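*Asks:* Show me how the following folds:
(one chain, ligands or ions: 2)
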Amino acid sequence: MSDAGTGVLGLFGGTFDPLHIAHLRLAIEAREELGLADVRFIPAGNPALRDAPHCPAVHRLAMVERALATMPGFSVDASEVLSAEAAPGPSYTIDTLERQRRLQGAQRPLVLLLGADAFARLEAWHRWRELFELAHIAVATRPGHELRVMRSGIPGDGAGDTALDREFAARRGAAADLAGAPAGRIVPFAITALEVSASAIRRRLAQGLSVRHLVPDAVLDYIDSHQIYRTQHGH
Ligand SMILES: Nc1ncnc2c1ncn2[C@@H]1O[C@H](COP(=O)(O)OP(=O)(O)OP(=O)(O)O)[C@@H](O)[C@H]1O
Ligand SMILES: O=C(O)c1ccc[n+]([C@@H]2O[C@H](COP(=O)([O-])O)[C@@H](O)[C@H]2O)c1
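*Replies:* Ligands and ions are numbered 1, 2, ... in the order given. Now for the predicted structure:
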């Protein structure tokens, strides 16, 4: 419990291969919109449900650390990277939330931050229904990934009736609800639309194209000095 702080804590997991500006905007706008005391970035060690990352976890973690070094109110949690080094196997968010719940105590509100694309795949996650017992989930808009559940409840709007749709309908809340309970709400929120993805950034780097201003300067410096992602030459 020594790590326990006060206020609503945001937990933002990702592959961050590499960290880019839309990740930062999501975290900044979540903190403002949702009234979060702190947002903790949690780079995945061995992300589940996707191909192995291009870059080793140690680099992905280092890039997040460098980008956040000058940003008060944002921090990095290396626990998924360290667990993956200690034991092979996927990094499951349920394990991370259980760990955070132990560290933060039973009452502190925790909010898992996701983009709309990640939320849409939630039913495939390990022990997904138990996530709601450990944290709230806040879902940010993302261009090209319509948040179908945002329309849910309007008859004939084409929204489906999946188990996730039903969870959303039952748990839907607003930012103001987050501080009132430790876990259990699903809160959609709109962020500045940025059509930026790590995969497009990796493609540009591999082609020798510039990614300046798509990633924070500290990440660009790290990429250049460690010669990562650039399978061809150029800046
Ligand atoms: N442009 C964006 N707008 C909103 N959310 C985003 C955006 N990019 C990433 N996210 C969210 O950030 C989290 C971590 O994403 P991730 O590290 O996989 O980046 P990515 O750009 O989606 O990567 P890739 O292209 O390799 O799949 C996810 O919840 C994802 O939905
Ligand atoms: O726990 C799971 O089964 C699970 C399955 C897929 C993704 N996640 C988490 O979702 C977050 C975003 O994943 P990604 O692939 O969009 O970077 C990241 O923290 C992953 O560890 C978690």
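*Asks:* C-alpha from now on. contacts and neighbour counts both.
*Replies:* Fine.
*Asks:* Is ligand 2 within reach of the top helix by length along the chain?
*Replies:* Ranked by number of residues, the top helix in the chain under DSSP state H is helix 21-34. No. Helix 21-34 lies out of reach of ligand 2 by CA under 6 Å from any ligand atom, never closer than 10.4 Å.
*Asks:* Count the neighbours of Asp51 for me.
*Replies:* 8 (other CA atoms under 10 Å).
*Asks:* Look up phi and psi at it.
*Replies:* Main-chain torsions, Asp51, degrees, to the nearest 10: phi -60, psi 160.
*Asks:* One more: Pro90?
*Replies:* Pro90 adopts backbone torsions of phi -70, psi 150, taken as degrees, to the nearest 10.
*Asks:* my guess is it contacts Pro47, does it?
*Replies:* Yes. Counting by CA atoms under 8 Å, Pro47 is a contact partner of Pro90 at 5.9 Å.
*Asks:* quick one: is stretch 197-217 near ligand 2?
*Replies:* No. If you take CA under 6 Å from any ligand atom as the test, stretch 197-217 misses ligand 2, and the best it gets is 9.3 Å.
*Asks:* what does the protein have sitting close to ligand 2?
*Replies:* 13-15, 44, 47-49, 91-94, 118, 125-126.
*Asks:* Buried subset of these as a ChimeraX selection?
*Replies:* Those of these that count as buried under 16 or more other CA atoms under 10 Å are selected in ChimeraX with:
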select :13,14,15,44,47,48,91,92,93,94,125,126
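*Asks:* sorry, back to before: quick one: whatever helix or strand comes next after the longest helix of the chain to helix 21-34, angle?
*Replies:* Going down the chain from helix 21-34, the next helix or strand is strand 38-43, by DSSP states H and E. Interaxial angle of strand 38-43 relative to helix 21-34 (axes from the mean of the first three to the mean of the last three CA atoms, to 10 degrees): 150 degrees.
*Asks:* Quickly run through the sheet partners of strand 38-43, with directions.
*Replies:* If you go by DSSP bridges, strand 38-43 pairs up with strand 9-14 (parallel), strand 74-76 (parallel).
*Asks:* Show residues contacting the longest one.
*Replies:* Read that as strand 9-14. With CA atoms under 8 Å, 6 or more residues apart in numbering as the test, strand 9-14 has contacts from 27, 31, 36-44, 47, 93, 108-114.
*Asks:* and it, anywhere near ligand 1?
*Replies:* Yes. Strand 9-14 lies within reach of ligand 1 by CA under 6 Å from any ligand atom, at Gly14.
*Asks:* could you give the mean pLDDT of stretch 65-82?
*Replies:* Average pLDDT, stretch 65-82: 97.
*Asks:* buried sites along the longest helix of the chain?
*Replies:* 21-24, 26-31, 34.
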